[in-house]
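Engineer: My questions concern the predicted model and sequence given below.
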Amino acid sequence: MFSKSQFSWMMPVSVVWTLMVNVLNQVRPNPINLLPEPPSMALAPQKICIVTGSNTGIGKETARKMAGYGYSVVVACRTASKGESAASTIDGAEFIAPLDLSSFSSVRNFVKEFKAKYERLDVLVNNAGMNSFDGGSESVDGLDLCFQTNFLGHFLLTRLLLPLMEKTEAPRVVNLSSVMHHFGSNLKTAEDWKLGMKVGCANAYSDSKLASVLFSMELNRRCPKLKSFAVNPGAVNSDIWRVMKERNPFLFKHVISPIFRTIYLDTDEGSVTTVAAAIIEDLDPATSLYLQPYASPEKSKTCHPLWEMMGVFVGFSATKARLPGGDGEESGRGLWDASTELCGL
Ligand SMILES: NC(=O)c1ccc[n+]([C@@H]2O[C@H](COP(=O)([O-])OP(=O)(O)OC[C@H]3O[C@@H](n4cnc5c(N)ncnc54)[C@H](OP(=O)(O)O)[C@@H]3O)[C@@H](O)[C@H]2O)c1
């Protein structure tokens, strides 16, 4: 996820910065952008939402909140037992079939099962993700495992579900990005992107999170009826740090975990920006394509990654993403074309 040089300066700076901000948080009203109260009655007609990777972490809290807003939520998880167990703890959620985003055939099979049961889809939250501490693992389709899990699997899922979404009044697609999109490669043409998706291209996590922003932008351009947003959920104390835990159990338990618990958002807070992108009616992708949970100094300028790593938690706030070429247009088109080809669409 981080290169060694990125990690060596980001970690200490972010810890000091966040300790300062925690003090600030004590004296400010917090958060500023609250989510609306859940409705007292169920939505009519019953609206459907899919949340990928919702057996744990930010995804599980997102599924819980969406069910609270009256959506019928499909928890889309790769392991049936984990998905069933998550659904059993959320009133209004169900598990219908496994979804392994690192396999194109699993994505296609999930869509087949979903279409057999539902005729509409209102909100798709492309949340599932893995980091790439190990780097360079290969998916069953011969592509970079991290890039396929985080981006290509979601690209295929979204494209296959678009016809169902376009039947609804106000469809939304929320793509989980990250502050790490700032460190994405300067990939522009379809050929650049195809090379970037190969196994061993070291920047897979950052590139997948940049791709999520560009994909949101392209969806808005190509599907005028739909609204799509990219979300950096903030630095969240979730299971995404499991590789660190497996590698250094002692250090993790006694040093890293207590720091994360103190300074990072919990998964309840970490799901606020995603849910805002899914339900706040007057959010407009033309002005708020990329959302993150901290107060940001200036909306019109791409802010420094530090402002997006930690800060004063305000719920959700629009920030300018860092895109290749400034506007990301050529890169977005290249990404769309390369992904369409690789997904066999
Ligand atoms: N936590 C942060 O600080 C942070 C910061 C920026 C962005 N994000 C993004 O937020 C999203 C949610 O992350 P999180 O922090 O909630 O992480 P998490 O607790 O590790 O949850 C990740 C979820 O994705 C699922 N997943 C992983 N590989 C999958 C695959 N091949 N197919 C289907 N599902 C798969 C996991 O399932 P299993 O349990 O079966 O592995 C799990 O449900 C990710 O996209 C992440 O990149 C997180």
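Structural biologist: Looks like it arrived, so ask away.
Engineer: Can you pull the residues of this protein lying near the ligand?
Structural biologist: 53, 55-59, 77-79, 82, 99-102, 127-130, 149-150, 176, 178, 232-233, 235-236, 238-240 (C-beta under 6 Å from any ligand atom). Where C-beta positions appear, they are placed from N, C-alpha and C, glycine not excepted.
Engineer: Would you write a ChimeraX line that selects the buried entries of those residues?
Structural biologist: Restricted to buried positions by 16 or more other C-beta atoms under 10 Å, the ChimeraX selection for the residues of the chain next to the ligand reads:
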select :53,55,56,57,58,59,77,78,82,99,100,101,102,127,128,129,130,149,150,176,178,232,233,235,236,238,240
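Engineer: So which of the residues of the chain next to the ligand sit within strands?
Structural biologist: residue 176 (DSSP state E).
Engineer: Show me the residues of the chain next to the ligand that map onto helices.
Structural biologist: Residues of the residues of the chain next to the ligand located in helices (DSSP state H): 57, 58, 59, 82.
Engineer: Show me which of those residues is closest to the ligand.
Structural biologist: The shortest gap between the ligand and any of these belongs to residue 57, at 2.3 Å (C-beta to the nearest ligand atom).
Engineer: Give me the nearest residue to the closest one, chain neighbours excluded.
Structural biologist: Excluding the flanking residues, the one nearest residue 57 by C-beta to C-beta, 6 or more residues apart in numbering is residue 238, at 3.6 Å.
Engineer: in terms of contact, does that neighbour touch residue 267 like I think?
Structural biologist: Yes: taking contacts as C-beta atoms under 8 Å, residue 238 lies within contact range of residue 267: 5.4 Å.
Engineer: from the stretch 101-250 of the chain, which residue is nearest to the ligand?
Structural biologist: Residue nearest to the ligand within the stretch 101-250 of the chain: residue 129 (2.4 Å; C-beta to the nearest ligand atom).
Engineer: The strand or helix carrying residue 64 packs against which elements?
Structural biologist: Residue 64 is part of helix 57-68, with elements assigned from DSSP states H and E. Applying 3 or more C-beta pairs under 8 Å, 6 or more residues apart in numbering; DSSP states H and E, one finds that helix 57-68 makes contact with strand 48-52, strand 72-76, strand 93-94, strand 123-126, helix 267-270, helix 272-279.
Engineer: And the average pLDDT for the helix or strand just after the longest one is what?
Structural biologist: Right, helix 272-279. Remark: after helix 272-279, the chain's next helix or strand is helix 285-288, criterion DSSP H and E. Averaging pLDDT along helix 285-288 gives 96.
Engineer: name the element residue 161 belongs to?
Structural biologist: For residue 161, the host element (DSSP H and E) is helix 153-165.
Engineer: And the contacts of the helix holding residue 64?
Structural biologist: The contact list for helix 57-68 (C-beta atoms under 8 Å, 6 or more residues apart in numbering) reads 35, 38, 49, 51-54, 73, 75, 86, 90-93, 123, 125, 127-128, 176, 233, 236, 238-240, 267-268, 270-271, 274-275, 278-279.
Engineer: Let me know the angle separating it from strand 48-52.
Structural biologist: 170 degrees (axes from the mean of the first three to the mean of the last three C-alpha atoms, to 10 degrees).
Engineer: how distant is helix 57-68 from the center of its chain?
Structural biologist: 13 Å (C-alpha atoms, centre = their mean, to the nearest Å).
Engineer: Just the CA trace of that helix, in PDB.
Structural biologist: Provided in PDB are the C-alpha atoms of helix 57-68 (Å, rounded to 0.1, in the frame of the first residue of the first chain):
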ATOM      1  CA  GLY A  57     -15.000  -2.800   8.400                       C
ATOM      2  CA  ILE A  58     -16.400   0.300   6.700                       C
ATOM      3  CA  GLY A  59     -18.600  -1.900   4.400                       C
ATOM      4  CA  LYS A  60     -20.400  -3.600   7.200                       C
ATOM      5  CA  GLU A  61     -21.200  -0.200   8.900                       C
ATOM      6  CA  THR A  62     -22.200   1.200   5.500                       C
ATOM      7  CA  ALA A  63     -24.600  -1.700   5.000                       C
ATOM      8  CA  ARG A  64     -26.000  -1.200   8.500                       C
ATOM      9  CA  LYS A  65     -26.600   2.500   7.900                       C
ATOM     10  CA  MET A  66     -28.200   2.000   4.500                       C
ATOM     11  CA  ALA A  67     -30.600  -0.600   6.000                       C
ATOM     12  CA  GLY A  68     -31.400   2.000   8.600                       C
END
